[in-house]
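Asker: with the sequence up front, the predicted model follows.
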Amino acid sequence: MSAMLARTWNYLHSVATDPAPGWSVPTVEQRHSLPAGLAAWLQQVTGCLDKEEEREMCRRQLEVVMTKLGQKGVTPGVVSDCMVRVVYMHLLGYDCSSVFIHCVKMAGSGSVLSRKMGYLACSVMIPPTHQLALLVTNSILTDLASNSIVDIQLGLIAAANIIKPPMGQLVPILSERVISLTSHSSHLVRKKALILLNHLCDLDPCLWTATVSSVVIGCLSDSNPGVAATALQITACLISDADSPTNISSAVVAALHLHSQAIQSKLPPDFVYKGHMAPFLRMDVTRILRKLPIAINKSPHLCEQVTSVLIAPLEESPGDSKELVIQSLIHETILTIANLPCCSSLVPLAIKHISSFLTSRHHSTVYTGLCGLEALFKQQPPVLTKEHEKSIMSCLGHSDPAIKKRTLQLLVVLASADNVGSVVDNILGHVKRQEGDCSQVVEQVAALVERFGENLDWKASTMLRVVQVSKDKQRDQMTEKLKFLLANPLSEDKDPATVLELNRVRNKLRSLLANIVEKGLKGKAAPVAVITLHIWCEGQFSNLDEEDLDQVMDSVVSLGREHLQHPEIIHNCLYAIQKLITRNCQVSQSAEEFLSDCSKSDDEVIKQTATEVLLVKSNMKHSVKHPPSLIPQDWTLSFLDNLVSKSLEEGAKPYIPKSCRLEQTKRRQTRASSPQLHLTPYNVLKLTDTPTQSRDVSFCSQSGADGPAQVWTVEGRVGTPNKEEMKDGKMIEMDNKVKTCGMEMALAGDWE
């Protein structure tokens, strides 16, 4: 792809730097159709040294043209010469609106060549919103109603180039005329009429389902192969499952018939392209099948026919598909297989060709393979071998930036619960080395962490790496996602084991951040992002029962005073102080002085934030009458005994811990199998009572192979088993998992 663009750019550069207009002055040895005066003037205008000289020359020339066109008896040759000069001046950016009326006159009268020049000038110069554009349509309608094949074709071509979206009110009128021409005796007229109908459907999409679909699909059975191929191409663009069942059935039958004619080489030699019979027609057939998944899946017989059609290009050896047109046909076939569930058996063959594409030396072929693989994984995810995965990963080191970016997007699609660790590591490692914009990929990686991550430690460390590779506003967004992961209010309502793990990760991150802020990173001061995250952790996760509140606040204030040049650090310090005040209802002397200084800051945002924190402090002093430690706590909840006992008597279900629940059984229990009513107090549990006595609830067997290790029971927390006790269980699986980057390595990376 890059090589193709490079060749195109080199050609355009050579044309732009050539002082000649693309031809030379006529000589005896080298002749052309342009008059000598016109060719010399074009060369003179192109060779102007500055814009002023060019503007003056075009102004004088436009005056001469207007004078000649206004004369009586001017010859068609002179008019055509003048039109070429006017079109060229219009393309240079000069106002030629005074000549528009002459373009309309030329399109409506004269010889065929003169009318062609008039239509060309109208399509190039006259805007569709101009009043004269409607006059041109009168000439077009006249040509469409003519008995001359040449005039009809001239009108069809002119309508396709002149009728634009602002002229949508003319679509119904033109469509009636053009539909009647699809049954014309000349195949040239029928083909151009179909092309114009396609253009009109682009202007008014409702026209397809209203009248055009049945006409175009009927032309699929035209006696002329060129007309049928044109109708097939239009049908592939516009057909969908929303069409009538009759049209869909007719289109599929006709498309399959045309495909069989191409396979059997029964089409004219004009359809042969580089030794292959009608490859573009076969692409259109696959596009039609791809757009009709619902209709095809309803018919088993049709599914078999479609499968036989799609398997034909895939049966060839990948090494034989070196022609670009055959690679395009295979790519269209792969996209169709991905969209049709009935063709899932062809996925291995598709993967075989995709692997060949990925190892090609041509950039466009590699990019095509990545697009095809992404389409397969979105619809029908295949099973990849190690060789396939290695081919995909090798594209990350490709020299083409477009291929690198496409590979990153593909890796996001390939991610699953089993390989999310390695996929995320590869993506983040490449994004870190990439200089371009990878914000979209970073956003997708964050979504993968949220979707597949089960280990909280891994999720936190991975989100740290995501924050590290993100930039500008996206870094702030990723930081907020990390904060929500660690301080999600819903996580406090989970089972005690999850809460313990959450607290462990919080304390670990807090300790690592404090160490980096204190000692720096790679001989430099800690990055601003790390400092702000550390301040937030101090406000959120400080253990005020064991730590001194004044010491925590003093450390936050100290960081704020050391980084007064960074407003984001000051903001986080203020919010951390506010959080500590709401948690303990107290404030240190240094924090009060810091708040007072910030309330007088020149930064309006800092000043407003400090004022809000001072108001919170004032409100907390007035709202709390007793210290939290003096408020009596009834952890047994004995005051609920009467309520719970009454609810149980009325048939309420007892509480079952979430980790012990399974899906409710569908077996309807009889009255005799119902458990007896328990009238014991709520806070007294008998050791003989087991959860299996609960109605409509079944429990995991503790010895089950698929059941999770039981950590919490009705009696309390059991001891954590060691590795020797879990050799046949989950511990071995955890040891075999790929070790990913932890928080230490994530924080030690480059944050710039």
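Answerer: Thanks, I have it. Numbers count the residues shown, from 1 in each chain.
Asker: report the mean per-residue pLDDT for the helix or strand that contains Ala338.
Answerer: Taking DSSP states H and E as the definition, one finds Ala338 inside helix 324-339. For helix 324-339, mean pLDDT rounds to 93.
Asker: how near is Val587 to Ala193?
Answerer: Note on Val587: its distance to Ala193, by C-beta to C-beta, to the nearest Å, is 83 Å. Every C-beta, even on glycine, is put in place using the N, C-alpha and C of the backbone.
Asker: those two: who's more crowded?
Answerer: Ala193 (27 against 23; other C-beta atoms under 10 Å).
Asker: tell me the angle the host helix or strand of Ser364 makes with helix 324-339.
Answerer: According to DSSP H and E, Ser364 maps onto helix 363-379. Helix 363-379 runs at 10 degrees relative to helix 324-339, counting by axes from the mean of the first three to the mean of the last three C-alpha atoms, to 10 degrees.
Asker: next SSE downstream of helix 363-379?
Answerer: Next in sequence after helix 363-379, counting helices and strands by DSSP H and E, comes helix 386-394.
Asker: and the very next helix or strand once past that next one, what does it pack against?
Answerer: Per DSSP H and E, the first helix or strand lying C-terminal to helix 386-394 is helix 401-414. Counting by 3 or more C-beta pairs under 8 Å, 6 or more residues apart in numbering; DSSP states H and E, the packing neighbours recorded for helix 401-414 are helix 363-379, helix 386-394, helix 420-433, helix 439-452.
Asker: so which bits of helix 401-414 are buried?
Answerer: Buried residues in helix 401-414, counted by 16 or more other C-beta atoms under 10 Å: Ala402, Ile403, Lys404, Lys405, Arg406, Thr407, Leu408, Leu410, Leu411, Val412, Val413, Leu414.
Asker: and for stretch 205-220?
Answerer: Applying 16+ other C-beta under 10 Å to stretch 205-220 flags 207-209, 211-220 as buried.
Asker: so of those residues, which ones are in helices?
Answerer: Of the positions in those, Leu207, Ser213, Ser214, Val215, Val216, Ile217, Gly218 sit in helices, assigned by DSSP state H.
Asker: any chance of those in a markdown table, plus distance to Phe357 and pLDDT?
Answerer: Formatted as a markdown table, these follow (distance: C-beta to C-beta, whole Å; pLDDT from 0 to 100):
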| residue | distance to Phe357 | pLDDT |
| --- | --- | --- |
| Leu207 | 38 | 93 |
| Ser213 | 35 | 93 |
| Ser214 | 39 | 94 |
| Val215 | 39 | 95 |
| Val216 | 33 | 95 |
| Ile217 | 34 | 95 |
| Gly218 | 38 | 94 |
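Asker: looking at those residues, which is nearest Ser555?
Answerer: Proximity of these to Ser555, judged by C-beta to C-beta, is greatest for Leu207, which lies at 71.6 Å.
Asker: please name every helix or strand in contact with the helix holding Ser364.
Answerer: Counting contacts by 3+ C-beta pairs under 8 Å, 6+ apart, helix 363-379 packs against helix 2-17, helix 324-339, helix 347-358, helix 401-414.
Asker: how about the strands in this protein?
Answerer: 272-273, 276-277, 712-713, 716-717 (DSSP state E).
Asker: residues contacting the first one, please?
Answerer: Residues external to strand 272-273 that are found in contact with it (C-beta atoms under 8 Å, 6 or more residues apart in numbering): Ala278, Pro279, Phe280, Val325.
Asker: contacts only, for the last one.
Answerer: With contacts defined as C-beta under 8 Å, 6+ apart, the neighbours of Val325 are Tyr273, Lys274, His276, Pro279, Phe280.
Asker: 6 Å - rerun?
Answerer: Applying C-beta atoms under 6 Å, 6 or more residues apart in numbering, we find Val325 in contact with Pro279.
Asker: that one and Leu281, how far apart?
Answerer: In this view, Val325 and Leu281 are 11 Å apart by C-beta to C-beta.
Asker: who's in contact with the nearest residue to Asp151 once chain neighbours are set aside?
Answerer: Spatial nearest neighbour of Asp151, excluding adjacent residues (C-beta to C-beta, 6 or more residues apart in numbering): Asp143 at 4.6 Å. By C-beta under 6 Å, 6+ apart, Asp143 lies in contact with Asp151, Leu154, Gly155.
Asker: try 8 Å this time
Answerer: So Asp143 contacts Asp151, Ile152, Leu154, Gly155, Ala158 (C-beta under 8 Å, 6+ apart).
Asker: Lys459: which of these is nearest?
Answerer: Here the nearest of the contacts of Asp143 to Lys459, counting by C-beta to C-beta, is Ala158; it sits at 63.2 Å.
Asker: neighbours of the closest one, how many?
Answerer: Counted with other C-beta under 10 Å, the neighbours of Ala158 add up to 25.
Asker: could you do Ser146 as well?
Answerer: Residues near Ser146, counting by other C-beta under 10 Å, number 14.
Asker: from Met106, how far out is it?
Answerer: Applying C-beta to C-beta to Ser146 and Met106 gives a distance of 18 Å.
Asker: ok, now Val413?
Answerer: 56 Å.
Asker: where is the longest helix in the protein?
Answerer: Per DSSP H, the chain has its longest helix at helix 496-519.
Asker: I'd like to know which elements that helix is packed against.
Answerer: helix 456-469, helix 472-486, helix 528-541, helix 743-747.
Asker: mind running it again at 6 Å?
Answerer: With contacts taken as 3 or more C-beta pairs under 6 Å, 6 or more residues apart in numbering; DSSP states H and E, helix 496-519 sits against helix 456-469, helix 528-541, helix 743-747.
Asker: adding distance to Val306, mean pLDDT and mean neighbour count, write the ones you listed out as TSV.
Answerer: Converted to TSV, the helices and strands packed on helix 496-519 look like this (distance: least, C-beta to C-beta, whole Å; pLDDT from 0 to 100; neighbours: other C-beta atoms under 10 Å):
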stretch	distance to Val306	mean pLDDT	mean neighbour count
helix 456-469	43	86	23
helix 528-541	54	87	22
helix 743-747	49	65	17
